[in-house]
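Participant: Predicted structure and sequence below. I'll ask about it afterward.
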Amino acid sequence: MPELPEVETIANGVNQRLSGDRIIDAWFSSYPQPFKTPRARQAKGLSGRTILSVHRTGKHIVCELGPPESSNASAAAASLKSAAQWIVHLGMTGRLLVTTPDDPIAPHTHARLSLASGRELRFVDPRRFGRLEFRELHRTPAFDAPGSEPLTIAENEFAALFRGRKLAIKAALLNQSLLAGVGNIYADESLFHARIRPRRAAGRLSRAELERLRQALLRVLQQAIRLGGSSVSDYVDANGVRGFFQLEHCVYLRTGEPCRLCGTPIRRILLAGRGTHFCPTCQK
DNA sequence: CATTTCACCTGGTGGC
DNA sequence: TGCCACCAGGTGAAAT
């Protein structure tokens, strides 16, 4: 489900609705997969903290949390307590939803945070590829995604990412330690708009092609954010609202359908283990 | 080190 | 209606 535009939409929605609210209690499912931090430590760490703000880094949602406020803590213990972060990665099918306590519990709900306002923040993830992590900032450094942000990267820095690399440009776009946040949809769509074939070796693209790609990626991501992301099957934001960028897709999941520019049927190949869609006429 | 492949999961779809 | 193969927004460990 979630690449940069979807994650940005969800993070913004949660930020607007939950900033200033306080976590009273946390419940986690018994499946171990989603928990990068053991769930007992996560539940204990989250309780009593105020949600200061929520933002996106790469494909991660980062909740900035204040120090815990508990009624029976001594002044000395409180002074040692520090700010913290709750980091949510949605994997393929993860959702973060703001609900009321009496909303029905969706199947595959793995986390429920009850809030001082009476609402709940829920994490739902059927395939369990998502990950939840808790960091106390006096013990662990603040979260930082390894790759560059595609929305702000400069021309020179972008070109340098791919220099000397033999792998396919599509595979390079998906590598999160190069660019953070690009996934299968926006890799295919940006390569189409840049008129570059996904199998081309990343290090063999000309300077002009790389700049076309950077600008295409930027425009595609910005427009997708404006439209609330792509809802391919069941993606919804924190308010349960679908995105509309799937209506703008030119190649992704359009195998056999005519290219919007030239009418040639869109082709699908397997690259880096992912379905890869392109126009054999428009992309060179 | 760079690159490729595969395992991790459930659910939806379409063919027979 | 059922069964089966295949496909799906991602990543990180293991193999090459």
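Facilitator: Yes, it's here. Residues are numbered from 1 along each chain as shown, chains lettered A, B, ... in the order given.
Participant: Output the below-cut-off pLDDT ranges for chain A.
Facilitator: Filtered on pLDDT under 70, chain A yields the residue ranges A:1, A:71-80.
Participant: which bits of it sit near DNA strand B?
Facilitator: A:33, A:107-108, A:126-129, A:165-168, A:171, A:203, A:233, A:272-273 (CB under 7 Å from any atom of the strand). Heads up, the C-betas are built off the backbone N, CA and C, glycines and all.
Participant: For the residues you listed, work out which two are farthest apart.
Facilitator: A:P107 and A:G203 (45.5 Å; CB to CB).
Participant: who's more crowded, the two?
Facilitator: In this view A:P107 and A:G203 are compared by other CB atoms under 10 Å, and A:G203 has more residues nearby, 13 against 7.
Participant: So which residues of the stretch 151-284 of chain A form strands?
Facilitator: Along the stretch 151-284 of chain A, the stretches classed as strands by DSSP state E, counting those that start in this stretch are A:267-271, A:274-278.
Participant: packing partners for the last one?
Facilitator: By that I understand strand A:274-278. Under the contact definition 3 or more CB pairs under 8 Å, 6 or more residues apart in numbering; DSSP states H and E, strand A:274-278 sits against helix A:169-174, helix A:184-194, strand A:267-271.
Participant: Next, format those as TSV and append distance to A:V98 and mean neighbour count.
Facilitator: TSV is the format used below for the helices and strands packed on strand A:274-278 (distance: least, CB to CB, whole Å; neighbours: other CB atoms under 10 Å):
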stretch	distance to A:V98	mean neighbour count
helix A:169-174	30	23
helix A:184-194	25	25
strand A:267-271	37	15
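Participant: Give me the domain ranges for chain A.
Facilitator: Using automatic domain parsing, the domains assigned to chain A come out as A:4-136, A:155-278.
Participant: Of those, give the one that comes closest to A:D144.
Facilitator: Going by CB to CB, the one of those nearest A:D144 is domain A:4-136, 7.0 Å.
Participant: follow-up on the earlier one: with distance to A:P5 as extra columns, can I get the strands of the stretch 151-284 of chain A in CSV?
Facilitator: Formatted as CSV, the strands of the stretch 151-284 of chain A follow (distance: least, CB to CB, whole Å):
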stretch, distance to A:P5
strand A:267-271, 22
strand A:274-278, 18
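Participant: For DNA strand C, which of these is the nearest?
Facilitator: Evaluated over these, closeness to DNA strand C peaks at strand A:274-278, with 2.5 Å, by CB to the nearest atom of the strand.
Participant: Direction included, what does that closest one pair against?
Facilitator: On the basis of DSSP bridges, the sheet neighbours of strand A:274-278 come out as strand A:267-271 (antiparallel).
Participant: Give me the contact list for the strand it pairs with.
Facilitator: With contact meaning CB atoms under 8 Å, 6 or more residues apart in numbering, strand A:267-271 is reached by A:168, A:170-171, A:198-199, A:255, A:275-280.
Participant: Off-centre distance for that strand?
Facilitator: For strand A:267-271, the distance from its own C-alpha centre to the chain's C-alpha centre is 24 Å (CA atoms, centre = their mean, to the nearest Å).
Participant: Flag every residue of the stretch 101-250 of chain A that's near DNA strand C.
Facilitator: A:127, A:129, A:131, A:174, A:176, A:183-185, A:229-235, A:246.
Participant: Got a quick ChimeraX command for the buried subset of these?
Facilitator: The buried subset of these, as determined by 16 or more other CB atoms under 10 Å, is captured in ChimeraX by this line:
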select /A:131,174,183,184,185,229,230,231,235,246
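Participant: Show me which pair in the residues of the stretch 101-250 of chain A next to DNA strand C is furthest apart.
Facilitator: Pairwise distances across those (CB to CB) peak at 25.3 Å, for the pair A:R131 and A:Q246.
Participant: before we move on, the earlier item: now for the strands of the stretch 151-284 of chain A, which one comes closest to A:Q16?
Facilitator: Between A:Q16 and the strands of the stretch 151-284 of chain A, the shortest separation by CB to CB is 32.8 Å, and it involves strand A:274-278.
Participant: residue contacts, the residue in the stretch 51-200 of chain A that DNA strand C sits nearest to?
Facilitator: Proximity to DNA strand C, evaluated over the stretch 51-200 of chain A using CB to the nearest atom of the strand, is greatest for A:G183 at 1.9 Å. Each residue near A:G183 by CB under 8 Å, 6+ apart is listed here: A:2-4, A:59, A:174.
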